[in-house]
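Enquirer: Sequence first, then the predicted structure, then my questions.
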Amino acid sequence: MKCHVCFRKCDIEDGKLGFCGARTVKDGVVVADNYGKLTSIALDPIEKKPLKRFYPESMILSVGSYGCSLRCPFCQNHEISWSDVAFSYKNRAEYYSPQEIASIAKRYESQGNIGVAFTYNEPLVGYELVRDTAKLVHANGMKNVLVTSGNASISILREIAPFIDAMNIDLKGFTDSYYTDVIKGNRRMVMDFIVEA
C-alpha cells in the first residue's frame, strides 16, 4: 500500500514500516504505527518551540512520538526521529490516548499552560494523533501548536489546519540539492506546504 504523507509515497508491506519508521500497513490500510505512543512529554515555555509572539511567556504541553521523513545530520532528536535508531524508543514509548493528552493539558492550565505542541519528532508522520488530539484540545478552549519540517502533502495539512493555531515550519535549506543530498527531503514539497499554511 502506498503512503500519502510525504513525497516518498512509500510502498509499505503489511506489518512493515515506511522510511519514516512510523507508518505501517494493517489490514490493507496505511496507518500510524506511532499513534499515541509518546517518547517525550514536557511542559515547556512557548518560546522553546520557538515562538516569540504567540502567547509570550506562557507554557505549553509538548508531546512527541518517534519517526521522521528526513535525515538531518544535525538533528538534536535523532534518537527518537530516525527509523534506524528509533526502534529502542519505539519499544519504550508509552501510550496516551488523545483524551488523556487533552486532559493533561487542561490539568496544567492553572500553571500557565495554553494547550499542546506537537514536536520533538516529525509530528506529521503520525498526523492522525495530531488531528484527533487537537480537536479535543480546541474543545477544551485551548491552543494547538505544530512544530514541523513541512515535508508533508497538502492533503495532510488541510486535514489538520482547522485545529492548529500556530506553526513553526522549519525550512532547513534553500536549494533542491541540499534537501535531496544532505537531509533526504524535498524542498518543493516544503515550500508548497509553507505557502498553503
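Expert: Here it is on my side, so go on.
Enquirer: What residues sit buried inside stretch 11-22?
Expert: 12, 17-22 (16 or more other Cβ atoms under 10 Å). Heads up, the C-betas are built off the backbone N, CA and C, glycines and all.
Enquirer: For the most centrally placed residue in the chain, which non-adjacent residue is closest in space?
Expert: Centroid-nearest residue in the chain: P123, 0.7 Å away (criterion: Cα atoms, centre = their mean). What sits nearest to P123 in space, not counting adjacent residues and going by Cβ to Cβ, 6 or more residues apart in numbering, is V130, at 5.3 Å.
Enquirer: how close does the one you found sit to L51?
Expert: Here V130 is placed at a distance of 17 Å from L51 (Cβ to Cβ, to the nearest Å).
Enquirer: Please say which of those two ends up with more neighbours.
Expert: V130 (26 against 19; other Cβ atoms under 10 Å).
Enquirer: secondary structure class for the more buried one?
Expert: Three-state assignment for V130 (DSSP: H, G, I helix; E, B strand; the rest coil): helix.
Enquirer: Check A105 too.
Expert: Reduced to three states by three-state DSSP, A105 is helix.
Enquirer: name the element the nearest residue to it once chain neighbours are set aside belongs to?
Expert: Leaving aside its chain neighbours, A105 sits nearest to L61 (4.5 Å; criterion: Cβ to Cβ, 6+ apart). Element membership for L61 (DSSP states H and E) is strand 59-64.
Enquirer: helices and strands around that strand, which ones?
Expert: strand 40-45, helix 98-107, strand 113-118 (3 or more Cβ pairs under 8 Å, 6 or more residues apart in numbering; DSSP states H and E).
Enquirer: The same query, at a cut-off of 10 Å, please.
Expert: Packed against strand 59-64 by the contact rule (3 or more Cβ pairs under 10 Å, 6 or more residues apart in numbering; DSSP states H and E) you find strand 40-45, helix 98-107, strand 113-118, helix 127-139, strand 143-148.
Enquirer: Name the next helix or strand downstream of the last one, please.
Expert: By that I understand strand 143-148. Counting by DSSP H and E, what follows strand 143-148 is helix 154-160.
Enquirer: for that following helix, what is the average pLDDT?
Expert: Averaging pLDDT along helix 154-160 yields 98.
Enquirer: Now tell me what touches it from outside.
Expert: Here helix 154-160 makes contact (Cβ atoms under 10 Å, 6 or more residues apart in numbering) with 4-6, 118, 123-125, 127-128, 130-132, 134-135, 144, 146, 148, 150, 152-153, 161, 164, 167, 169, 189, 192-197.
Enquirer: Whichever of those residues end up buried, select them in PyMOL.
Expert: Typed into PyMOL, the line below selects the buried ones among the contacts of helix 154-160, using 16+ other Cβ under 10 Å:
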select buried, resi 5+6+118+123+124+125+127+128+130+131+132+134+144+146+148+150+152+153+164+167+169+189+192+193
